[in-house]
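Participant: What follows is a predicted structure for the sequence shown.
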Amino acid sequence: MTAEVNVPASNNPGRVLVTGGASGLGAAVVDAVLKAGGTPVVLDRDISSVSAVKAFEVDVADRAAVEAAVREAAESLGGLEAVVTAAGIDRCGKLADVEAEEWEKVIGVNLMGTVSVVRAALPYLKASHGRVVTVASTLGKRAVSDATAYCASKFGVVGFSHALAAETGGEIGVTTMIPGGMKTRFFEDRTEQYKPQDDSRLNDPANTAQAILFALSQPKGCEVREMLICHEEEGSWP
């Protein structure tokens with residue numbers, strides 16, 4: 001007998017902006033929000049596969065474009081109750097071997113993209129007393145070799161999220177979601193040495209999406225500040 005994190009069907013998450021919502025974890029969050037009766041809107045650099053919901057094409061590393069896209073998305077829905085920052089990239093390799101531009105791109109998407117989206121959405125979230133779920137990683141808790149860019153970005157997301165929660169207590173909710181490896185396209189563009197050798201130890205992104213819905217479903221005044229979710233045989237934690 002297995003136990004799952006379930007969101008009550010009556011607890012509609014409302015209008016939820018999801019970055020990276022065209023694939024992977026983001027797409028799983030979009031699906032979970034729809035099934036819970038909510039209204040998701042997607043921000044992604046490639047929205048060609050999105051058809052069931054509103055979607056806006058944007059590179060989250062472009063702050064000016066993010067500000068315009070978040071504003072357009074929020075106004076198209078008449079406001080926002082939540083933001084989930086699921087957009088993320090990686091560039092594996094030793095520091096000396098990863099081109100500086102590529103290294104900085106990881107910081108630009110994973111950390112600065114998260115910050116830009118949240119900053120742009122703050123007025124709408126404060127108006128609705130809404131919630132932010134930032135997506136970090138187990139590699140935001142534990143550092144490994146050949147991942148300096150990714151670890152730096154995800155450690156940064158953890159620090160940013162904790163500070164944001166301290167800064168906005170009573171105004172919005174902030175949850176730091178810390179997922180382990182998931183069965184998504186995230187690993188596809190890596191060389192073989194950096195791909196998981198055993199994908200049986202990767203979690204289903206739908207499980208992480210349900211955990212995110214759980215955080216969004218908390219009653220007013222109650223916050224899930226941080227949640228780590230992974231496969232039972234996760235290798236990157238603890």
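Facilitator: Here it is on my side, so go on.
Participant: quick one, what contacts the spatially most central residue of the chain?
Facilitator: Nearest to the geometric centre of the chain sits residue 86, at 2.3 Å (C-alpha atoms, centre = their mean). By C-beta atoms under 8 Å, 6 or more residues apart in numbering, residue 86 lies in contact with 18-21, 24-26, 29, 135. Where you see a C-beta, it was placed from the backbone N, CA and C, and this is true even at glycine.
Participant: which residues of the chain score low on pLDDT?
Facilitator: 1-10, 185-197 (pLDDT under 70).
Participant: the strands in it, which residues?
Facilitator: Assigned by DSSP state E, the chain shows strands spanning 15-19, 39-44, 54-57, 82-85, 131-135, 173-179, 226-229.
Participant: would you list the ones you listed in JSON lines and tack on distance to residue 109 and mean neighbour count?
Facilitator: Output for those, formatted as JSON lines (distance: least, C-beta to C-beta, whole Å; neighbours: other C-beta atoms under 10 Å):
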{"stretch": "strand 15-19", "distance to residue 109": "9", "mean neighbour count": "29"}
{"stretch": "strand 39-44", "distance to residue 109": "11", "mean neighbour count": "26"}
{"stretch": "strand 54-57", "distance to residue 109": "15", "mean neighbour count": "18"}
{"stretch": "strand 82-85", "distance to residue 109": "10", "mean neighbour count": "30"}
{"stretch": "strand 131-135", "distance to residue 109": "12", "mean neighbour count": "26"}
{"stretch": "strand 173-179", "distance to residue 109": "17", "mean neighbour count": "25"}
{"stretch": "strand 226-229", "distance to residue 109": "22", "mean neighbour count": "18"}
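Participant: Correct me if wrong: residue 238 contacts residue 142.
Facilitator: Yes. The pair residue 238 / residue 142 is scored as a contact, 6.9 Å apart, by C-beta atoms under 8 Å.
Participant: Neighbour count: the two, which is higher?
Facilitator: Shown here are residue 238 and residue 142; by other C-beta atoms under 10 Å, residue 142 has more neighbours (12 against 7).
Participant: is it true that that one touches residue 236?
Facilitator: Yes. Under the contact definition of C-beta under 8 Å, residue 142 touches residue 236, with a separation of 6.4 Å.
Participant: counting contacts, what elements does the top helix by length along the chain pack onto?
Facilitator: Assignment by DSSP state H gives helix 148-168 as the longest helix of the chain. Identification of packing neighbours for helix 148-168 by 3 or more C-beta pairs under 8 Å, 6 or more residues apart in numbering; DSSP states H and E yields helix 100-107, helix 113-128, strand 131-135, strand 173-179.
Participant: Please point out which parts of it sit buried.
Facilitator: 148-158, 160-161, 164-165, 168 (16 or more other C-beta atoms under 10 Å).
Participant: Any idea how far that helix is from the middle of the chain?
Facilitator: Centroid separation for helix 148-168 versus its chain: 12 Å, with C-alpha atoms, centre = their mean, to the nearest Å.
Participant: Equivalent analysis for stretch 213-225, please.
Facilitator: 16 Å.
Participant: Ends of it, what's the gap?
Facilitator: One end of stretch 213-225 to the other measures 13 Å (C-alpha to C-alpha, to the nearest Å).
Participant: What are the buried residues along it?
Facilitator: In stretch 213-225, counting by 16+ other C-beta under 10 Å, buried: 213-217, 223-224.
Participant: Nearest to residue 43 among the residues you listed?
Facilitator: The shortest approach to residue 43 among the buried residues of stretch 213-225 belongs to residue 216, at 17.3 Å (C-beta to C-beta).
Participant: From residue 229, how far out is the residue nearest to that closest one when sequence neighbours are not counted?
Facilitator: Leaving aside its sequence neighbours, residue 216 sits nearest to residue 13 (C-beta to C-beta, 6 or more residues apart in numbering; 4.7 Å). Residue 13 is 18 Å from residue 229, where distance means C-beta to C-beta, to the nearest Å.
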